[in-house]
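Asks: the following block contains a protein sequence and its predicted model.
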Amino acid sequence: MVVPLPASRRARLLEILERDGAIRLESAAAELAVSVMTVRRDIQDLDADGLVRRVRGGAVSIVLPRVFGDRAMTRASAKNSVARKAEALVPSVGAVGVDASTTSGALLAIIRCERLLVVTNSVDNAAIARARPGVRAVLAGGEFEQQTGSLVGPTAEQTARSFAYDVFFTSASAVDAATGTMEVSLEEAAVKHAFAARARTTVVLADSSKLGQQALALALEWNVIDTLVTELDPSDDRLDPFRGLVEIL
């Protein structure tokens, strides 16, 4: 049996991270046909290079700001699965708030409505919403965040607070069972908080790579979140830390 060279092995570990959302020591070792200790050392090296973050039992991604187009191409299949699940939660008539996430964009791309107002702080998501029959889109003003493509700051927060929403759909940079959803900046978190404060129901759309991670700024605590939608089967044990906190779809 040919054992991959260190550089090749670490490249394959990063591919596993992209595919699965996390590197798990035992399963990665089995896939690469090496020892768990070898994978642990590789993860230490990747962590030292700033490419992953070590956690108990393996590693997860480093959460950094990325532009909309780059985020849209990452785990697209999982995001589309999340969107299909969440479609049933979109009212045909009424108003919804939508954040600047690409998972929310995947949802907007498939909605069918009679008369729905969509308010968002994303230029990209506003364009997606405007293309849907029966949808009127309102784009929040504010300061354009180059790294994420979203609109942030006091004007964006004020616009978010200016409407009453049946549902606020939001994703997250990270979803932590102990704290709630987290974002790459305080400004991003503040806009999401403003949307949630005016919504009757808040739905978090998160593919499984976000679960158990942490990012810079706390956005929404669990007491303001009603539903968590992932691509996983609701019985999946990766969702166990979130049971009892919210409804899981």
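Replies: On my side now, so go ahead.

Asks: contacts and neighbour counts: CA atoms only from here.
Replies: OK.

Asks: other SSEs contacting the longest helix along the chain?
Replies: Longest helix of the chain, by residue count under DSSP state H: helix 6-20. Helices and strands touching helix 6-20, by 3 or more CA pairs under 8 Å, 6 or more residues apart in numbering; DSSP states H and E, are strand 23-24, helix 25-32, helix 36-48.

Asks: to Ile16, which of the ones you listed lies closest?
Replies: strand 23-24 (6.4 Å; CA to CA).

Asks: partners of the closest one in the sheet?
Replies: Taking DSSP bridges as the criterion, strand 23-24 pairs within the sheet with strand 58-61 (antiparallel).

Asks: now do the strand it pairs with: distance to the chain's middle.
Replies: 16 Å (CA atoms, centre = their mean, to the nearest Å).

Asks: what's the mean pLDDT across the helix or strand hosting Lys192?
Replies: For Lys192, the host element (DSSP states H and E) is helix 186-197. Confidence over helix 186-197 (mean pLDDT, whole number) is 94.

Asks: now swap in stretch 144-159 and tell me
Replies: 88.

Asks: next, the buried residues of it.
Replies: Residues of stretch 144-159 classed as buried: 144-145, 148-153, 156-159 (neighbour count, 16 or more other CA atoms under 10 Å).

Asks: what mean pLDDT would you report for the longest helix of the chain?
Replies: What helix 6-20 shows for mean pLDDT is 81.

Asks: show me how far stretch 171-181 is from its chain's centre.
Replies: Distance, centroid of stretch 171-181 to centroid of chain: 9 Å (CA atoms, centre = their mean).

Asks: name the residues of that stretch that come out as buried.
Replies: Buried, per 16+ other CA under 10 Å, within stretch 171-181: 171-177, 180-181.

Asks: how about CSV for the residues you listed, with pLDDT and distance to Ile128 added?
Replies: Listed next are these as CSV, based on pLDDT from 0 to 100; distance: CA to CA, whole Å:
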residue, pLDDT, distance to Ile128
Ser171, 93, 16
Ala172, 92, 19
Ser173, 89, 21
Ala174, 90, 24
Val175, 93, 25
Asp176, 92, 29
Ala177, 94, 31
Gly180, 95, 28
Thr181, 95, 24
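
Asks: could you identify the most distant pair in these?
Replies: The most widely separated members of the buried residues of stretch 171-181, counting by CA to CA, are Ser171 and Ala177 (14.8 Å).

Asks: about what we covered before: following the chain past the helix holding Lys192, name the next helix or strand.
Replies: Remark: after helix 186-197, the chain's next helix or strand is strand 199-205, criterion DSSP H and E.

Asks: what about stretch 112-122, start to end distance?
Replies: Stretch 112-122 has its terminal residues 20 Å apart, counting by CA to CA, to the nearest Å.

Asks: go ahead and confirm Glu188 touches Val152.
Replies: Yes. The pair Glu188 and Val152 qualifies as a contact (CA atoms under 8 Å) at a distance of 6.2 Å.

Asks: and Arg136, what element?
Replies: Secondary structure (DSSP H and E) places Arg136 in strand 135-139.

Asks: how far does that strand sit from the chain's center?
Replies: Put simply, strand 135-139 sits 22 Å off its chain's centre (CA atoms, centre = their mean).

Asks: what about the closest residue in space to Leu245 that isn't next to it in sequence, how many neighbours?
Replies: With sequence-adjacent residues excluded and distances taken as CA to CA, 6 or more residues apart in numbering, Leu245 is closest to Trp222, at 6.5 Å. Trp222 sits with 16 neighbouring residues when counted by other CA atoms under 10 Å.
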